[in-house]
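> heads up, no residue letters with this:
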């Protein structure tokens, strides 16, 4: 199967309103250009050095998404061109994004990562922590960050009922926070959940953005 046929299959199986981030991490520039030729413009990377190299080499109308665990000392390298940071998993990280964005006078789009899985290896705020943050007003001080919604990863399991439950928890949290704190803010509209193995379940549970790599590009050459 080619990248073109893989994308055609995925596009035929997701609603038009669901955004597709092509997860291109560890894949070569030629593979990204194949997807680009199919009119894909959103690409996701998880390593700052690799992302910066690809940004320099590839067309400038690509929307780059950072989808990995971001280290605070690397933020400054991607702030000038990043379209969306998916995994803001701590106040310290949010503060440093705000700080680096202020230095160049821009506002950075961010998703807050919520820990919904049963796996301790995944990052993110717990739903209770997040609600406390919003109710306390602690997030209002970050003037150079645009909160656009939430991101979450379900447990890596064959138990579809568990995956459904975890995604539904995140969707309920998203709906509650939007209604309470962002009712009139059209920017807070993204719910990034679902990857190659579970994107169909995520869409059923209300995802507005999926992150798909293996089903498009094949297995990664780590």
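Cool, the structure landed. Remember, predicted model here, so these are calculated numbers, not experimental data.
> Could you tell me the per-residue confidence at the nearest residue to residue 63 once chain neighbours are set aside?
Excluding the flanking residues, the one nearest residue 63 by C-beta to C-beta, 6 or more residues apart in numbering is residue 83, at 3.9 Å. Heads up, the C-betas are built off the backbone N, CA and C, glycines and all. As predicted, residue 83 sits at a pLDDT of 98.
> which ones are touching residue 83?
42, 63-65, 109 (C-beta atoms under 8 Å, 6 or more residues apart in numbering).
> export the residues you listed to TSV and tack on pLDDT?
Listed next are the contacts of residue 83 as TSV, based on pLDDT from 0 to 100:
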residue	pLDDT
42	98
63	98
64	98
65	98
109	98
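> Neighbour-wise, which one of those leads?
In terms of neighbours by other C-beta atoms under 10 Å, the contacts of residue 83 top out with residue 65 at 28 neighbours.
> wait, doesn't that one sit right on residue 21?
Yes: between residue 65 and residue 21 there is a contact under C-beta atoms under 8 Å: 5.2 Å.
> Need the overlap of contacts for these two.
42-44, 211.
> which residue is nearest the centroid of this structure?
residue 86 (3.3 Å; C-alpha atoms, centre = their mean).
> just the helices in the chain please.
Here the chain has its helices, by DSSP state H, at 3-12, 29-37, 48-57, 75-78, 91-103, 127-136, 160-181, 199-204, 214-217.
> before we move on, the earlier item: and which of the contacts of residue 83 is nearest to residue 119?
Nearest to residue 119 out of the contacts of residue 83 is residue 65 (C-beta to C-beta; 22.4 Å).
> Next up, the contacts around that closest one.
With C-beta under 8 Å, 6+ apart, residue 65 has these contacts: 21, 42-45, 82-86, 211.
> how about 10 Å then?
By C-beta atoms under 10 Å, 6 or more residues apart in numbering, the residues touching residue 65 are 19, 21-24, 42-46, 51, 82-87, 109, 111, 151, 192, 209, 211.
> Please apply the same query to residue 108.
75, 78-80, 82-85, 88, 94, 97-98, 100-102, 142, 144-146, 148.
> how about 8 Å then?
Contacts of residue 108 by C-beta under 8 Å, 6+ apart are 79, 82, 85, 97-98, 101, 144-146.
> Kindly report the same for residue 82.
64-66, 108-109.
> How much space separates it from residue 160?
When distance is defined by C-beta to C-beta, to the nearest Å, residue 82 is 33 Å away from residue 160.
> so which of the contacts of residue 82 comes closest to residue 218?
residue 65 (19.8 Å).
> Bridge partners for that closest one, pull those for me.
Note on residue 65: beta-bridge partners residue 44, residue 84, judged by DSSP bridges.
> I'm done for today, thanks for sticking with me.
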